[in-house]
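K.L.:
Just need the structure, nothing else, for what follows:
(one chain, ligands or ions: 2)
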Amino acid sequence: MTGKYTYREIDESTVYSELEDVFILSPQRLRDICKVFVKEMEKGLENDDCTLKMIPSFVTNRPTGKEVGTYLALDLGGTNFRVCEINLEGQSKVRLRAKKFTIPDSAKTADQSVLFDFLAESIAIFIKEYNINTEKDINLGFTFSFPVQQTALNKGTILLWNKGFNCANSIGKDVVTLLSEALTRKQLKVNVVALVNDTVGTLMSHAYVDPGTCVGVILGTGTNAAYVESAEAIPKWKGGPIKSNEMIINSEWGAFDNERKVLPWNKYDQQQDEQSTNPGKQTYEKMISGMYLGEIVRLVCKDLIERKILFGGMSSTEMDTPGKFETAYMSRIERDHTAELTDTKMVLQEILKIPYVAPRDRRIVRRICELVAIRAARLAACGVAAVVTKMNRVDTGCTVAIDGSVYEHYPHFDNRMRDALHELFGMFSENVSLQLGKDGSGIGAAVIAALADK
Ligand code: ADP
Ligand code: MG
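P.N.:
Ligands and ions are numbered 1, 2, ... in the order given. All right, here's what the predicted structure looks like:
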């Protein structure tokens, strides 16, 4: 259909104020969330089976930057799977070669052996293509970014899957054994020496270059964070004395507020949750990360279309399909500074196949993207603020290494987080340095493997 259509009698500013009521977070709300967050972290450090799992990573030393050696790393945890070869050269210098593989959807939800055979096969391809010397066994750090109950540096049982994965016959099994068995089936001489969460990897790889790094955050397909905790603040730790007196904790913060006590959960979040593979779980993650933001925007659009407020009530198969509104489109729309929002029109008309997109429609969609992304950034800042508060570092400051496409590529995400930190900490927010920590999940696994070697 082309041509004009008549809008329902509802003016643009009324639409905006309705959306703002649903999505805007006041400074007071940020403070409330932050306070509950700190309490939940404390609970998780005392007991297992809390909302925040607060998992001891068995990483108890931070790097000096002098570690050296060649390692393999696997990075599995979301959209892409990577095999890397990492050369730690000392003096905080690193060389990295990596190859991306796409995990077939069929391997994400089949028997675990299908997934782990795929991983082993990818390593075999990498070793061949990059001519890796495996005459002496090579050590590998495995970044596995799903909730794992770690029982040693190279041992951990799978607790649950998220981010669209759900492999049969894996819950309660040791993920290092599953990978090692698959490597043996392929006759590869590779030792899995460390099991690493990507948040811990991000922290460790950034600490290799900046010793002030105390927090690692992921803002990608999912969201999570790890930080340096002092040994005496982990009452549930039964693993004996810790020489360094500190332990990196993987918070698994994506599950924050699964009880829905404090987060600004709305009807769109509710719909998103109901259609997800893990309803009732990962509440915080579903409001923040790349796997979900575009979908929230789509659900808001759908609502406005049904109410004939948007696109004259005309939808499309694409707009009606969950997952079709990618978070990357939001980035594109927010980057569109043309007077007529031409690129926004392109996304809506060419990709999402909406028949006619008036300038007013483009402005409304852009505002929806903005509101959803601002809420995400402010919520992410609450998590960072809670961790920094928990570490008692609001005064002394620290570096927070952040990895993931949402943080790296979403326009203004970083500034929106900083604004929220400023609302929470005032001038002390300047003590918290947010830094992009790239390739953390690969390099971090190598750094941890190197520390394990010592
Ligand atoms: P992973 O978390 O799987 O390691 P990434 O950090 O690359 O991988 O995050 C992938 C997620 O980031 C996807 O869910 C995707 O929606 C989102 N994403 C990819 N590109 C962009 C972009 N340009 N802007 C915002 N989000 C993006
Ligand atoms: Mg990643």
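K.L.:
what about the helix or strand containing A207, near ligand 1?
P.N.:
Counting by DSSP states H and E, the element that carries A207 is helix 198-209. No: Helix 198-209 lies out of reach of ligand 1 by Cβ under 6 Å from any ligand atom, never closer than 6.7 Å. For glycine as for every other residue, the C-beta is placed from the backbone atoms N, C-alpha and C.
K.L.:
The closest residue to A450 other than its chain neighbours: what's it in contact with?
P.N.:
Excluding the flanking residues, the one nearest A450 by Cβ to Cβ, 6 or more residues apart in numbering is E67, at 4.1 Å. Residues near E67 by Cβ atoms under 8 Å, 6 or more residues apart in numbering: L88, G90, Y208, V447, A450, L451, K454.
K.L.:
can you count the residues close to S405?
P.N.:
The local packing of S405 (other Cβ atoms under 10 Å) involves 18 other residues.
K.L.:
I figured it hits M291, correct?
P.N.:
No: using Cβ atoms under 8 Å, S405 makes no contact with M291, being 10.8 Å away.
K.L.:
count of residues packed around Q435?
P.N.:
Around Q435 there are 16 other residues, counting by other Cβ under 10 Å.
K.L.:
The next helix-or-strand element following the helix holding A207 packs against which elements?
P.N.:
Sequence-wise, the next helix or strand downstream of helix 198-209 (DSSP H and E) is strand 213-219. Packed against strand 213-219, as judged by 3 or more Cβ pairs under 8 Å, 6 or more residues apart in numbering; DSSP states H and E, are the following elements: helix 198-209, strand 223-230, helix 359-390, strand 398-403, helix 405-409.
K.L.:
what separates stretch 190-205 from the chain centre, distance-wise?
P.N.:
Offset of stretch 190-205 from its chain centre (Cα atoms, centre = their mean, to the nearest Å): 15 Å.
K.L.:
now stretch 13-22
P.N.:
29 Å.
K.L.:
Could you do stretch 186-201 as well?
P.N.:
20 Å.
K.L.:
Quick check: end-to-end length of it?
P.N.:
Start to finish, the residues bounding stretch 186-201 are 27 Å apart (Cα to Cα, to the nearest Å).
K.L.:
Please list the residues of this protein that sit near ligand 1.
P.N.:
Applying Cβ under 6 Å from any ligand atom, one finds that the chain approaches ligand 1 through 77-80, 220-221, 290-291, 326-328, 331, 404-406, 409-410.
K.L.:
try 8 Å this time
P.N.:
Within the chain, the positions adjacent to ligand 1 are 75, 77-80, 145, 163, 198, 218-222, 289-291, 293-294, 326-328, 330-332, 403-406, 408-410, 441 by Cβ under 8 Å from any ligand atom.
K.L.:
So how do I select the buried members of those in ChimeraX?
P.N.:
Here is the ChimeraX command that picks out the buried ones among the residues of the chain next to ligand 1, judged by 16 or more other Cβ atoms under 10 Å:
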select :75,77,78,145,163,198,218,219,220,221,222,289,290,291,293,294,326,327,328,330,331,332,403,404,405,406,410,441
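K.L.:
that older thread, a markdown table for the contacts of E67, including secondary structure?
P.N.:
Formatted as a markdown table, these follow (DSSP: H, G, I helix; E, B strand; the rest coil):
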| residue | secondary structure |
| --- | --- |
| L88 | strand |
| G90 | coil |
| Y208 | helix |
| V447 | helix |
| A450 | helix |
| L451 | helix |
| K454 | coil |
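K.L.:
Just the buried ones among those, please.
P.N.:
Buried, going by 16+ other Cβ under 10 Å: L88, Y208, V447, A450, L451, out of these.
K.L.:
was I right about E408 contacting G437?
P.N.:
No: counting by Cβ under 8 Å, E408 does not reach G437; the two are 9.8 Å apart.
K.L.:
Give me the common contacts of the two.
P.N.:
Overlap of the contact sets of E408 and G437 (by Cβ under 8 Å, 6+ apart) is empty.
K.L.:
ok, and what's touching stretch 374-387?
P.N.:
Here stretch 374-387 has contacts from 23-25, 30, 33-34, 37-38, 41, 215, 217, 219, 223, 225, 227, 251, 253, 256, 263-264, 284, 287-289, 293, 400, 406, 412-414, 416-421, 424-425, 432, 434, using Cβ under 8 Å, 6+ apart.
K.L.:
which of the residues you listed are buried?
P.N.:
The neighbour count (16+ other Cβ under 10 Å) marks 23, 25, 30, 33-34, 37, 41, 215, 217, 219, 223, 225, 227, 251, 253, 256, 263-264, 284, 287-289, 293, 400, 406, 412-414, 416-421, 424-425, 432, 434 as buried among the contacts of stretch 374-387.
K.L.:
Narrow these to those in helices?
P.N.:
If you go by DSSP state H, these have 23, 30, 33-34, 37, 41, 287-288, 293, 406, 413-414, 416-421, 424-425 in helices.
K.L.:
Residues of the stretch 351-454 of the chain that sit close to ligand 2?
P.N.:
S441 (Cβ under 5 Å from the ion).
K.L.:
For ligand 2, give me its nearest residue in the stretch 351-454 of the chain.
P.N.:
S441 (5.0 Å; Cβ to the ion).
K.L.:
got the contact list for the closest residue to that residue other than its chain neighbours?
P.N.:
Nearest non-adjacent residue to S441, counting by Cβ to Cβ, 6+ apart: D198, 3.9 Å away. D198 makes contact with D75, G77, T143, S145, G216, I218, N224, D403, G440, S441, G444, according to Cβ under 8 Å, 6+ apart.
K.L.:
Mind putting those residues into CSV with pLDDT?
P.N.:
Listed next are the contacts of D198 as CSV, based on pLDDT from 0 to 100:
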residue, pLDDT
D75, 95
G77, 83
T143, 95
S145, 89
G216, 98
I218, 97
N224, 97
D403, 96
G440, 89
S441, 88
G444, 96
